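Student: The sequence and its predicted three-dimensional model are supplied below.
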Amino acid sequence: MQDSQPTTIDSAEVERFSRIAQEWWNPSGKFKPLHKFNPVRLAYIRDHVAAHFGRDPNGVRPFQGLRFLDIGCGGGLLSEPMARLGASVVGADASATNIEVAKLHAAESGLAIDYRAETAEALADQGERFDVILNMEVVEHVSDVDLFIAKCAEMLKPGGLMFVATINRTLKAWGLAIIGAEYILRWLPRGTHDYRKLVRPEELEGALMANGLTIKDRTGVTYNPLADRWQRSRDMDVNYMVLAEKPQSGE
């Protein structure tokens, strides 16, 4: 018997999200928190990509000519805005059900997005390369974070950017993101997050740097109940985002 190849796929996680795939585009459904979260992460991506590549963030299609990978794209909540901003987008997800939902919604929206039911390692092995990789709310659901980051880093072009958003492994995060969000407020289905799989910033940044990337920025993201919106914060105890760059050759 041949040894199985290393994989980043956690089959239980894929099945969990596949079961609720039809909910992706319902702003009041099971993915309501992501719809609420989208504006702050979209602004973060737009501002940093525009600054890095010398684009006008307020332009009509500031990402024109840039190739994006939205890895773990789900139903396409980030892929579609990136396409509207002019990017050439590959949206990849291990769940074929998620990809079918994403394809249908993109077609209904008149957007050309290259959706694929593929893993990070499969894409990397195909020699895919991207200017920007969106790795948002994914690392806490994969089976091997180091392998996943390594494969994503492999696909990033020199001078390219990788955005990673996830949840810190702290007691505060356990109380707010799991007990609070899943069991008390019921913002998310119970079992969406496993505390043991949450990733600390130093672990994430260590994996990024181990694969030749440079950390360019980090920010916490907190919920403002009075304004009913998410906003950037110095507090990285729960939700946070990290921006990394692959240096140009010779740097």
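Tutor: Structure received. Quick caveat, the model's predicted, so the values are computed rather than measured.
Student: rest of the way, CA atoms for contacts and neighbours
Tutor: Will do.
Student: Model confidence score at His52, please.
Tutor: Confidence at His52, expressed as pLDDT, is 98.
Student: Secondary structure element holding it?
Tutor: helix 32-53 (DSSP states H and E).
Student: Please apply the same query to Lys151.
Tutor: Assigned by DSSP H and E, Lys151 falls in helix 145-155.
Student: average model confidence for that helix?
Tutor: 97.
Student: from the chain's centre, how far out does that helix sit?
Tutor: When distances are taken as C-alpha atoms, centre = their mean, to the nearest Å, helix 145-155 is centred 13 Å away from the chain's centroid.
Student: Mind checking what helix or strand follows that helix in sequence?
Tutor: Counting by DSSP H and E, the next helix or strand C-terminal to helix 145-155 is strand 156-167.
Student: so what's the residue nearest to Ser88 when sequence neighbours are not counted up against?
Tutor: Counting by C-alpha to C-alpha, 6 or more residues apart in numbering, Ser88 lies nearest to Arg67, which is 4.8 Å off, once chain neighbours are set aside. Neighbouring residues of Arg67 by C-alpha atoms under 8 Å, 6 or more residues apart in numbering: 87-90, 130-132.
Student: same check, this time on Gly220
Tutor: Gly220 touches 232-241, counting by C-alpha under 8 Å, 6+ apart.
Student: pLDDT score for it?
Tutor: pLDDT, Gly220: 97.
Student: again with Tyr223
Tutor: For Tyr223, the predicted pLDDT is 86.
Student: Extract the CA atoms of the helix or strand where it lies and return them as PDB.
Tutor: Secondary structure from DSSP H and E places Tyr223 in strand 214-224. Coordinates of each C-alpha in strand 214-224 appear next as PDB, following Å, rounded to 0.1, in the frame of the first residue of the first chain:
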ATOM      1  CA  THR A 214       7.800  39.200   5.700                       C
ATOM      2  CA  ILE A 215       5.100  40.500   8.100                       C
ATOM      3  CA  LYS A 216       3.900  43.900   6.900                       C
ATOM      4  CA  ASP A 217       1.000  44.600   9.200                       C
ATOM      5  CA  ARG A 218      -1.200  43.100  11.900                       C
ATOM      6  CA  THR A 219      -4.500  44.300  13.400                       C
ATOM      7  CA  GLY A 220      -7.100  43.100  15.800                       C
ATOM      8  CA  VAL A 221     -10.800  43.200  14.800                       C
ATOM      9  CA  THR A 222     -13.400  43.800  17.500                       C
ATOM     10  CA  TYR A 223     -17.200  44.100  17.500                       C
ATOM     11  CA  ASN A 224     -18.800  47.400  18.400                       C
END
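Student: tell me which residues in that strand are buried?
Tutor: Within strand 214-224, the residues that count as buried by 16 or more other C-alpha atoms under 10 Å are 214-215, 218-222.
Student: do stretch 198-218 as well
Tutor: Neighbour-count burial for stretch 198-218 flags 198-201, 204-205, 207-209, 211, 213-215, 218 (criterion: 16+ other C-alpha under 10 Å).
Student: which residues sit against that stretch?
Tutor: 139-140, 146, 149-150, 153, 166-170, 240-247.
Student: Likewise for stretch 90-98?
Tutor: Taking C-alpha under 8 Å, 6+ apart as the rule, stretch 90-98 contacts 9, 14-15, 17-18, 21-22, 67-76, 79, 99, 113-120.
Student: Ends of that stretch, what's the gap?
Tutor: 14 Å (C-alpha to C-alpha, to the nearest Å).
Student: Averaged pLDDT, that stretch. What do you get?
Tutor: Averaging pLDDT along stretch 90-98 gives 94.
Student: Please apply the same query to stretch 69-86.
Tutor: pLDDT averaged over stretch 69-86 gives 96.
Student: Okay then, goodbye and thanks.
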